[in-house]
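**Student:** this one's structure only:
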């Protein structure tokens with residue numbers, strides 16, 4: 001099972017996130033959790049979210065990059081759902097051994113994420129908080145699937161990314177022994 005935690009506060013205005021979600025939503029063995037649809041008042045049902053994660057082998061965090069981080073509701077979700085005693089700390093082993101794939105979409109092109117570029121740092125500089133969150137909860141960190149040019153990329157480029165994401169998830173829809181964990185160390 002794959003659990004996709006999708007967080008875009010303006011999904012109706014998004015081309016890239018919408019195309020990625022459209023490519024994923026009908027895949028078998030995938031639980032798509034659109035946080036802004038489920039919890040527009042930010043009142044997260046922690047027990048429901050934890051049950052969804054418990055059933056997954058792969059947890060995907062899919063969202064636009066907002067100020068080098070996650071949208072507000074995803075941050076709130078992390079704070080509430082990844083609780084002490086459940087996801088980490090004493091007795092907090094619910095996510096141990098699961099895999100985590102981060103799928104951020106960034107408005108800037110890859111060249112804007114270089115020293116001297118618009119954002120001043122390589123994109124890898126912004127990965128650490130998400131990676132450490134996953135690792136702190138005992139998850140195996142998968143190499144992120146970053147989509148650049150989310151604001152200005154043409155539809156065919158976005159469609160290629162959507163197809164590549166489906167391909168990236170396809171091994172996780174097979175039996176557990178078919179999934180390689182080499183890239184997750």
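**Tutor:** Now that the structure is in, tell me what you want to look at. What you see is a predicted model, and the numbers here were worked out from it, not measured in a lab.
**Student:** just the helices in the protein please.
**Tutor:** Under the criterion DSSP state H, the chain carries helices at the ranges 16-24, 35-38, 46-55, 72-81, 128-136, 155-169.
**Student:** where in this protein is pLDDT low?
**Tutor:** Residues of the chain meeting the criterion pLDDT under 70: 175-185.
**Student:** name the residue most distant from the centre of it?
**Tutor:** In the chain, the greatest distance from the average C-alpha position (Cα atoms, centre = their mean) is reached by residue 116, at 27.6 Å.
**Student:** save the helices of the chain as a markdown table, and put in distance to residue 65 and mean neighbour count too.
**Tutor:** In this view, the C-beta of every residue, glycine as well, is placed from N, C-alpha and C. Output for those, formatted as a markdown table (distance: least, Cβ to Cβ, whole Å; neighbours: other Cβ atoms under 10 Å):
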| stretch | distance to residue 65 | mean neighbour count |
| --- | --- | --- |
| helix 16-24 | 11 | 20 |
| helix 35-38 | 16 | 16 |
| helix 46-55 | 22 | 15 |
| helix 72-81 | 11 | 17 |
| helix 128-136 | 10 | 15 |
| helix 155-169 | 15 | 15 |
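**Student:** closest to residue 1 out of these?
**Tutor:** Of all the helices of the chain, helix 46-55 sits nearest to residue 1, with 5.0 Å by Cβ to Cβ.
**Student:** which strands or helices does that closest one pack on?
**Tutor:** Using 3 or more Cβ pairs under 8 Å, 6 or more residues apart in numbering; DSSP states H and E as the contact test, the elements touching helix 46-55 are strand 2-6, strand 30-34, helix 72-81.
**Student:** could these be laid out in a markdown table, adding distance to residue 94?
**Tutor:** Below are the helices and strands packed on helix 46-55 laid out as a markdown table (distance: least, Cβ to Cβ, whole Å):
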| stretch | distance to residue 94 |
| --- | --- |
| strand 2-6 | 12 |
| strand 30-34 | 16 |
| helix 72-81 | 10 |
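**Student:** figure out which of these is closest to residue 154.
**Tutor:** Using Cβ to Cβ, the nearest of these to residue 154 is strand 2-6, at 22.6 Å.
**Student:** what angle do helix 72-81 and the closest one make with each other?
**Tutor:** 130 degrees (axes from the mean of the first three to the mean of the last three Cα atoms, to 10 degrees).
**Student:** dump the residue contacts of the residue minimising distance to the centre of the chain.
**Tutor:** The centre of the chain sits closest to residue 61, judged by Cα atoms, centre = their mean, with a distance of 1.4 Å. Listed by Cβ atoms under 8 Å, 6 or more residues apart in numbering, the contact partners of residue 61 are 5, 7, 70, 74, 100, 101, 102, 103, 104, 130.
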